[in-house]
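Novice: Give me coordinates for this.
(chains A and B)
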Protein chains: 2
Amino acid sequence: MTLSTDIEAFTFAQGFRASATGCGLKTSSAMGASSLDLALVVANGPCSAAAVFTTNRVKAAPVLYDQEVMAAQAHAIRAVITNAGCANACTGPQGMTNTRTTAALVAERIDCAPEQVLVMSTGVIGRQLNMEKLTRGVTDVTSGVAHQGAPWVARAIMTTDTKPKVAHATLTIDGKTVTIAGCCKGAGMIHPNMATMLAIITTDVAIEPALLDAELRAAVNQSFNRISVDGDTSTNDTVLLLASGASGAQLSGAHAGFRAALTEVCTSLAKQVARDGEGATRLIEIHVTGARDSQEAHTVANSIARSPLFKTAVHGGDPNWGRVLCAAGYSGADIDQTKLSLTFGPTDRPGPNDTPAVHVVAGGLPLEYEERQAAANLRGDPVLVHLDLGLGDAESTVWTCDMSAEYVEINAHYTT
Amino acid sequence: MTLSTDIEAFTFAQGFRASATGCGLKTSSAMGASSLDLALVVANGPCSAAAVFTTNRVKAAPVLYDQEVMAAQAHAIRAVITNAGCANACTGPQGMTNTRTTAALVAERIDCAPEQVLVMSTGVIGRQLNMEKLTRGVTDVTSGVAHQGAPWVARAIMTTDTKPKVAHATLTIDGKTVTIAGCCKGAGMIHPNMATMLAIITTDVAIEPALLDAELRAAVNQSFNRISVDGDTSTNDTVLLLASGASGAQLSGAHAGFRAALTEVCTSLAKQVARDGEGATRLIEIHVTGARDSQEAHTVANSIARSPLFKTAVHGGDPNWGRVLCAAGYSGADIDQTKLSLTFGPTDRPGPNDTPAVHVVAGGLPLEYEERQAAANLRGDPVLVHLDLGLGDAESTVWTCDMSAEYVEINAHYTT
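Specialist: Model prediction:
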């Protein structure tokens, strides 16, 4: 398997076309680096599809709509239309009508049924879509006027993201080259399960929807559900996986290679999201081992990942290990403070900053350690934090980012 | 009942003396506005005592020690010694020895048994107390060298607090004037239950420890357990309540007036903590009504209070009501988004900024409202946020603060 995250070389899998345009839905400078705001991925024929949605009780119209579509048409999806700039959440019946209209406009242009079109939205909550702009946008994005190609989709779905996020893997199945390629957006409101995170992943295996769904859930559980930027779970989160069958490879049961590659693509995208967290300057990988079961490990890792005190300390390069132990202590897991062991690092930054791992706590007590080295490890990217609970053999990894003053600046003035 | 929060006029209840000194335990400029770091409250005779401690599984040495003392000596407490600058948490057997030594040093100076002395610590986690400095400090704080009086105690226990926090209530019971007076500290790591929060409350009723304990738990549940600054629950949280009996009033059963006054004192202190949250510029009161039960109301209010996205929006005076609904949606409570009603304000700020309440959401959908007025209400102090769930008659109130870039600055460099 090969994995690439190069935006310039990025393509979707065989059997898909992609385009993007700007139609004026993004009105604020807070909405990100790209003025593109409408992206279309079209399959040449009906696809198998799988989806994972937000667990928030407040769900945006496109999430409710997509859930309907997936229940009826998961075997025959033709397109995904995604807009940025307006989340179409808390918009009531009018919002639902606008989502249906969006799907119908696309369906008319690409000649399929409206219920074969999935819709995703991201942006400000509680505003109605400007349907005049969106209608013009759909015309553009389905014509030669639009930017053609997958890199433009990755750019168009961005909001406060500072960079597009793509991952492209190839593997061989039954002598056929199979591609798994996707892009995603998400920078704030990121927390399991899923957060303001939209992902479109394509593959060209032939696969039944039920099996595709199982593969996607397994991969998401190891990737998107293990990142946290700020603990806020959004109303719009959606991960879509479409399979065109165009590679000629057929999957009729679980396939270890396919699952591994899909998990790698999802993990790569998820880590790109965590690293690009609003105001973040680096990725933090929290590895908890020695738990009695993986849920316990995850509970502790997640509590650390959510702690603003820990995330600000990392930002300052401050080896304040007490905050790690403290967050483990209030996680709700039944830990034993006298068995905790904590290591910072190593950094994998090349060059003169290379430092070995620094063991800072053993048996719940601080060790004598080189403060300068520990601080250097917190300035690496990724920052590696390893907490052993000393209770068992289970483990879990969660990714988050440091918290900077810029996080506050970005979020203090998002709608205005 | 009268309530005062005037620091200059602050005194403890009858039967207590107070003093404070600086002995060099606070070594960093990050440790707050006061160079005092050792505070002593001494009762003239044995007191009834009640205490509530952190729920964190990682507990500081003084918390473990105080739990022992309270189990055996809650009827005969003589003193509380509190140091700032060093939390004495994650310090192992040496930390426990240092706590016991601290109690013994005080006991020797005031002529009581060591197990009649309670100890509280706050500051950096994982460093041992400097016992040389502390020993000199105990000598000072029990002599004429020290600052005499309750206001100095309130100042000496501060860490990143920007101001001392006191509350003093008097009421009449059986013709006797009874005082309930306390001070507390806490600015970061504040979250139910309790967080880096130390409080010493005194009263002069005569009361058995078991009854005092019930009164304190009832009051704390309505006050300190309803504030959140950053969602981090500390290793050291302690609320102590000592009753000297010096007023001559005897409580032999639940007394509505006493409970109300104690709850008012605790609520006043808790709100002072939330308002002085690290980097905070104003208090936010989140009132959730229309829940099926008070736990549901509390779950929703707490989820909103913990949301960095909501707290940063308030900081920017940005009426981003979508973030309130979003946080309600992921709280875990079984809410119905079509029944949500949200109001910002009114502000109780006097003068030209007075604006009426602005109703921004009804039936889960945004209303037409005056954006300028809504924004003005988010710039008031306190900021009042009222969310009705439309499901029942239960309610809950939680206090928090806005989140500013300064929060990050303070916490990025706390130990260094």
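
Novice: Now find how far off-centre stretch A:149-164 is within its chain.
Specialist: 13 Å (CA atoms, centre = their mean, to the nearest Å).

Novice: is the lowest-mean-pLDDT helix or strand in chain A up against chain B anywhere?
Specialist: Across the helices and strands of chain A, mean pLDDT, DSSP states H and E gives its lowest value to helix A:405-412, namely a mean of 77. Yes. Contact of helix A:405-412 with chain B (CB under 8 Å from any CB of the partner chain) involves A:405, A:406, A:407, A:408, A:409, A:410, A:411, A:412. Glycine gets a C-beta too; all of them are placed from N, C-alpha and C.

Novice: next one: that helix to chain centre, how far?
Specialist: Put simply, helix A:405-412 sits 21 Å off its chain's centre (CA atoms, centre = their mean).

Novice: if we can go back for a sec, got CSV for the residues of helix A:405-412 next to chain B, with neighbour count too?
Specialist: CSV is the format used below for those (neighbours: other CB atoms under 10 Å in any protein chain shown):
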residue, neighbour count
A:405, 18
A:406, 15
A:407, 30
A:408, 26
A:409, 18
A:410, 19
A:411, 28
A:412, 23
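
Novice: so what's the backbone phi/psi at the residue of the stretch 51-200 of chain A found nearest chain B?
Specialist: At 2.6 Å from chain B, residue A:125 is the closest residue in the stretch 51-200 of chain A, using CB to the nearest CB. When read as degrees, to the nearest 10, the backbone of residue A:125 gives phi -80, psi 140.

Novice: List the contacts of the nearest residue to it once chain neighbours are set aside.
Specialist: Leaving aside its sequence neighbours, residue A:125 sits nearest to residue B:322 (CB to CB, 6 or more residues apart in numbering or on different chains; 2.6 Å). Counting by CB atoms under 8 Å, 6 or more residues apart in numbering or on different chains, residue B:322 makes contact with A:87, A:89, A:90, A:124, A:125, A:126, A:235, A:415.

Novice: Show me how far the host helix or strand of residue A:268 is from its chain's centre.
Specialist: Assigned by DSSP states H and E, residue A:268 belongs to helix A:256-275. In this view, helix A:256-275 has its centroid 9 Å away from the chain centroid, taken as CA atoms, centre = their mean.

Novice: Next secondary structure after that helix?
Specialist: Helix A:256-275 is succeeded, C-terminally, by strand A:283-291 (DSSP H and E).

Novice: Please, where are all the helices along the stretch 51-200 of chain A?
Specialist: A:61-73, A:92-110, A:131-141, A:150-156 (DSSP state H, counting those that start in this stretch).

Novice: Tabulate those helices in TSV, adding columns for mean pLDDT and mean neighbour count.
Specialist: Shown next, in TSV, are the helices of the stretch 51-200 of chain A (pLDDT from 0 to 100; neighbours: other CB atoms under 10 Å in any protein chain shown):
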stretch	mean pLDDT	mean neighbour count
helix A:61-73	96	19
helix A:92-110	97	19
helix A:131-141	97	20
helix A:150-156	96	25
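
Novice: okay if I get those as CSV plus distance to residue B:297?
Specialist: CSV is the format used below for those (distance: least, CB to CB, whole Å):
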stretch, distance to residue B:297
helix A:61-73, 26
helix A:92-110, 24
helix A:131-141, 38
helix A:150-156, 41
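
Novice: Quick check: which of those is nearest to residue B:204?
Specialist: Of all the helices of the stretch 51-200 of chain A, helix A:92-110 sits nearest to residue B:204, with 58.1 Å by CB to CB.

Novice: Could you check how many residues crowd around the nearest residue to residue A:412 once chain neighbours are set aside?
Specialist: Leaving out its chain neighbours, the residue that sits closest to residue A:412 by CB to CB, 6+ apart is residue B:316, at 2.9 Å. Counted by other CB atoms under 10 Å in any protein chain shown, the residues lying close to residue B:316 total 23.

Novice: I'd like to know how far residue B:316 sits from residue B:374.
Specialist: Distance, residue B:316 to residue B:374, by CB to CB, to the nearest Å: 13 Å.

Novice: before we move on, the earlier item: spell out whether the helix holding residue A:268 and chain B are in contact.
Specialist: No. Using CB under 8 Å from any CB, helix A:256-275 stays clear of chain B, with a minimum separation of 15.2 Å.

Novice: Can you list the buried residues in that helix?
Specialist: Neighbour counts over helix A:256-275 (16 or more other CB atoms under 10 Å in any protein chain shown) mark A:258-259, A:261-275 as buried.

Novice: What's the mean pLDDT across it?
Specialist: Across helix A:256-275, pLDDT averages out at 94.

Novice: I'd like the contacts of residue B:322 laid out as TSV, including neighbour count and pLDDT.
Specialist: Listed next are these as TSV, based on neighbours: other CB atoms under 10 Å in any protein chain shown; pLDDT from 0 to 100:
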residue	neighbour count	pLDDT
A:87	29	90
A:89	31	90
A:90	26	89
A:124	21	82
A:125	27	82
A:126	25	85
A:235	30	76
A:415	20	54
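
Novice: hmm, which two among these are most spread apart?
Specialist: A:235 and A:415 (14.7 Å).

Novice: Just want the angle from the host helix or strand of residue A:297 to helix B:294-306.
Specialist: Here residue A:297 sits within helix A:294-306, counting by DSSP H and E. Orientation check (axes from the mean of the first three to the mean of the last three CA atoms, to 10 degrees): helix A:294-306 against helix B:294-306 gives 50 degrees.

Novice: what residues does helix A:294-306 touch?
Specialist: A:191-192, A:226, A:228, A:231, A:284, A:286-289, A:291, A:310, A:324, A:327-328, A:330-335, A:385, A:387, A:389, A:391-392, A:394-400, B:231.
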